[in-house]
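>>> pasting the structure only:
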C-alpha cells in the first residue's frame, strides 16, 4: 500500500473529542504554530544572576533621554529598577519617625529576636524599615547591626513588632548579656510602602490578613497590605509614575538616578489635590495627562483617602502635580456607570480603554472644556484581571470571565478552539493573577493563568492572530514584557528575570516535556483495524541539527472511550530516513516529543519544526 501523507490542520482543537477532530491536533506543550506547522518554542536564560525579593507581577521598560535602558519591576515586597545587571530598590517610604521614636529591646541572651517599640507604627508582617541614628545596645548588637534595612518578622501589637538581628552580610547576630540598652534617643525609622500578599483575597472575612492578627471569628477589611500586590507604572517623559493597586501614586525622577526612591506625588512641592490612592495609573499618549483609575474623590478642599472604584481622575495637561479642576486648566474627573468597579485600563491608538467588571469604555482627548470624552463601547465584556488585556498590531485583546475578545474599532468575541479546556479547568479564586502578553515576533498574544488545582500561574494559552490558531501549554511566568527596548522578551519566575525566546533551552538545561499530539485517525469510518509499519519523518532541526533528536510516538486504541496505549516510540535524528514501527488498532494518534531520555549532548539546544509526515497505513481486518 502506498505511503499516506499526514499534514494536520494547524492549531489545537479541544472543543470536541479527540476522535471527532480527525486530521487536527489535540494537545501540545511548549509548541507554537508558524506558517501552519508546529515547532518548538524558543527557550530562556537568566537575564542576570542577581535576584529580587518577592513575586514580580509587573514589568515596564523605557529609555532615558541619555539613552540608558531601564526596566521597572513591581513585586509584592518591593519596586525595583534594573539598570545593567543591578536591581535598584526604589520602593517609596510611606513614613519616617522622629528621632528617638523607635527603641529596641532584646528578647533574651543567645536570641536574635529584637522587640522594636514605635507607637502606631502601622506596619504589617513583611514590611521593610530602615533604621538610622541608633546606638549599640552594649554587647553584640552594635550600631552597625541596627542601622540597616530590616524585614519585620512579627507584629506584637499596634505599638511594637519584632525583627531578627543580622550583620551587614545578612548573618544572624545573637544578643549577649551586655545588650541591655535601647538604641539611644536618636533612632529614626523609615518605613517603606506596606508590602502586599502573593495571593488574591476576594472579600473581607476569613483568610484576610495574617494568622494571629485578630481574634477568632473576626473579619478584616481589605487594605493595601492584605491583598494581592499588583503594581501599575507608566512614563512621564523619562520619569516614572507608579502605583500599588489600592495605594498611593508615586513619582520617580530619573535625573536623580537609581540610588533615590520614588516619592509620594501628593506630597511634592506644588502638588494640588493629587489623588492619595488609586487602582491604576497611566499617562495618556499625546496629550500627556496623568490618569488615575479608581481615584479617591474630592470633597471640599481635600481628597477622601478612600478608593472610589468607578472614578477616573486626570491631571492638568503636562502637569502631574495639578489635579484640581479649574477653568484655567484641563484637570478633571469622570465617573463610569456600567459595572461595580474598574478592573484595568490600557493605552490604545488615540484612546485610553478602561474596563469595569462588566463593560468596556473608551476615553478620548477632546480638549477644553471637557478634556476627555467617554464612550461606552460594549456592555457585557468585562475584564477578568487588571493585567488581562494587551495591545498588539492587530488590535487589543483581553480575557473575559468566560471568553476572549478583540477590539479594533468594535468588540468581537474570538472564536476559540480551546475555550472549554481553559475555563473548565481554571482557578477563578485567583483570576486576578491572570496577565496577557504580546510576542510580536511570532504574531502571538497570550494569557498566563492558574489551573483549577493551582493557586499560582501554571498554564498559558496563545492566540496567533495572523494565522488565527490557538495553542496551549504549561509554564510558570508571573510577568512578561515584549521585545522592544531589549532584543528579547523579558519574563519573571521565582526571583529571577529571564530573557525569553533565547535558543531552545531551559536556562542552559534541556527543555523537557515538549510535545504535540494529534487527534485520533483511522481508516475509512473506523470499520477496519489500521496497521502502521513504517514512518517517513519530515522534521527540520532549527539548531543542533547534527546531534539533535526527537521522538515520534504512535498511540492506539480500539474505541473512543479506551485509554490510549503507546504502541511504539522511535528516536528521530536529522539523518533518520525512515522508522520501522508496529501499531495495530482502530484508532491511532501521532505524537512528536522532545527526547527527554537523551543525554545532554543530544538534547541541548534542540529546536525543531514538523513538516509533512508520511506513514504506511493499511487496513488489517475488522475483528
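Ah, there it is. Since we're looking at a predicted model, the values are computed, not measured.

>>> From here on, just use CA atoms for contacts and neighbour counts.
Will do.

>>> if I look at the nearest residue to residue 40 once chain neighbours are set aside, how far off is residue 593?
Nearest residue to residue 40 in three dimensions, chain neighbours excluded: residue 31, at 4.5 Å (CA to CA, 6 or more residues apart in numbering). Distance of residue 31 to residue 593, computed by CA to CA, to the nearest Å: 10 Å.

>>> Give me the common contacts of those two.
514-516 (CA atoms under 8 Å, 6 or more residues apart in numbering).

>>> Tabulate these (CSV), appending distance to residue 13 and secondary structure.
CSV is the format used below for the shared contacts of residue 31 and residue 593 (distance: CA to CA, whole Å; DSSP: H, G, I helix; E, B strand; the rest coil):
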residue, distance to residue 13, secondary structure
514, 18, coil
515, 15, strand
516, 12, strand
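
>>> Export those to TSV and append columns for neighbour count, pLDDT and distance to residue 433.
TSV is the format used below for the shared contacts of residue 31 and residue 593 (neighbours: other CA atoms under 10 Å; pLDDT from 0 to 100; distance: CA to CA, whole Å):
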residue	neighbour count	pLDDT	distance to residue 433
514	20	96	25
515	22	97	26
516	24	97	27
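
>>> Kindly indicate which of those lies nearest residue 459.
Set against residue 459, the nearest of those by CA to CA is residue 514 (13.8 Å).

>>> Let me know whether that closest one touches residue 593 as I believe.
Yes - with contacts counted by CA atoms under 8 Å, residue 514 reaches residue 593, the gap being 5.5 Å.

>>> Any idea what the closest residue to residue 584 other than its chain neighbours is bridged to?
Distances taken as CA to CA, 6+ apart put residue 531 closest to residue 584, at 4.4 Å, once the chain neighbours are dropped. Beta-bridge partners recorded for residue 531 (DSSP bridges): residue 584, residue 618.

>>> Ok, the one 4 residues further on next?
When bridges are assigned using DSSP bridges, the partners listed for residue 535 are residue 579, residue 615.

>>> just the strands in the stretch 301-450 of the chain please.
Using DSSP state E, counting those that start in this stretch, the strands assigned to the stretch 301-450 of the chain run over residues 302-303, 311-314, 332-335, 342-348, 351-356, 359-367, 371-379, 389-392, 395-399, 404-407, 411-413, 435-439, 444-449.

>>> In TSV: those strands, plus distance to residue 499, mean pLDDT and mean neighbour count.
Shown next, in TSV, are these (distance: least, CA to CA, whole Å; pLDDT from 0 to 100; neighbours: other CA atoms under 10 Å):
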stretch	distance to residue 499	mean pLDDT	mean neighbour count
strand 302-303	42	96	16
strand 311-314	35	98	25
strand 332-335	40	97	18
strand 342-348	24	96	23
strand 351-356	29	97	24
strand 359-367	33	96	19
strand 371-379	37	96	17
strand 389-392	20	97	22
strand 395-399	24	98	24
strand 404-407	27	98	20
strand 411-413	32	97	15
strand 435-439	13	98	24
strand 444-449	17	98	25
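
>>> Looking at these, spot the one closest to residue 88.
strand 435-439 (24.5 Å).

>>> Output the contacting helices and strands for that closest one.
Counting contacts by 3 or more CA pairs under 8 Å, 6 or more residues apart in numbering; DSSP states H and E, strand 435-439 is packed against strand 389-392, strand 444-449, strand 479-481.

>>> Just send the ones you listed back as TSV, with distance to residue 72 too.
Shown next, in TSV, are the helices and strands packed on strand 435-439 (distance: least, CA to CA, whole Å):
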stretch	distance to residue 72
strand 389-392	18
strand 444-449	20
strand 479-481	10
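
>>> between these, which one is nearest to residue 581?
Nearest of the helices and strands packed on strand 435-439 (CA to CA): strand 444-449, 36.4 Å.

>>> Quick one: residues in contact with the closest one.
Contact with strand 444-449 is made by 388, 390, 392, 397, 399, 426, 431, 433-439, 456-466, 476-478, as judged by CA under 8 Å, 6+ apart.

>>> Just to be sure, residue 243 is in a helix?
No - if the criterion is DSSP: H, G, I helix; E, B strand; the rest coil, then residue 243 is strand and not within a helix.

>>> Show the contacting residues for it.
Counting by CA under 8 Å, 6+ apart, residue 243 has contacts 231-233, 249-250, 278-281.

>>> Closest one to residue 510 out of these, please.
Nearest member of these to residue 510, counting by CA to CA, is residue 231, at 33.4 Å.

>>> If the closest one is in a bridge, with which residues?
Beta-bridge partners, per DSSP bridges, of residue 231: residue 244.

>>> Does it touch residue 78 like I think?
No - counting by CA under 8 Å, residue 231 stays clear of residue 78, with 9.8 Å between them.

>>> Tell me how many other residues crowd the closest residue to residue 19 other than its chain neighbours.
In this structure, residue 19 finds its nearest non-sequential neighbour in residue 520, 5.0 Å apart by CA to CA, 6+ apart. By other CA atoms under 10 Å, 25 other residues sit near residue 520.

>>> repeat for residue 409
So residue 409, with other CA under 10 Å, has 10 neighbours.

>>> who's in contact with it?
By CA under 8 Å, 6+ apart, residue 409 lies in contact with nothing.

>>> So which residues of the stretch 501-623 of the chain form strands?
Using DSSP E, counting those that start in this stretch, strands in the stretch 501-623 of the chain cover 505-506, 509-510, 515-518, 530-536, 539-543, 549-557, 565-573, 579-585, 587-594, 607-610, 613-619.

>>> So residue 148 versus residue 125, what's the distance?
On the measure of CA to CA, residue 148 and residue 125 end up 18 Å apart.

>>> Not including adjacent chain positions, what is the nearest residue to residue 235?
Going by CA to CA, 6+ apart, residue 235 has residue 241 as its nearest residue, at 6.1 Å.

>>> what's the burial count for that neighbour?
Using other CA under 10 Å, residue 241 has 24 other residues around it.

>>> Look up how far residue 390 lies from it.
20 Å.

>>> For stretch 563-579, buried residues please.
564, 567, 569-574, 579 (16 or more other CA atoms under 10 Å).

>>> before we move on, back to that, distance to residue 131 added to the strands of the stretch 301-450 of the chain, as a markdown table?
Shown next, in a markdown table, are the strands of the stretch 301-450 of the chain (distance: least, CA to CA, whole Å):
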| stretch | distance to residue 131 |
| --- | --- |
| strand 302-303 | 31 |
| strand 311-314 | 36 |
| strand 332-335 | 40 |
| strand 342-348 | 37 |
| strand 351-356 | 41 |
| strand 359-367 | 45 |
| strand 371-379 | 45 |
| strand 389-392 | 41 |
| strand 395-399 | 44 |
| strand 404-407 | 49 |
| strand 411-413 | 53 |
| strand 435-439 | 37 |
| strand 444-449 | 39 |
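
>>> Those strands: which one's closest to residue 101?
strand 302-303 (28.6 Å).

>>> Pairing partners for the closest one, with directions?
strand 298-299 (antiparallel).

>>> where does the stretch 501-623 of the chain dip in pLDDT?
Filtered on pLDDT under 70, the stretch 501-623 of the chain yields the residue ranges 523-527, 545, 599-602, 621-623.
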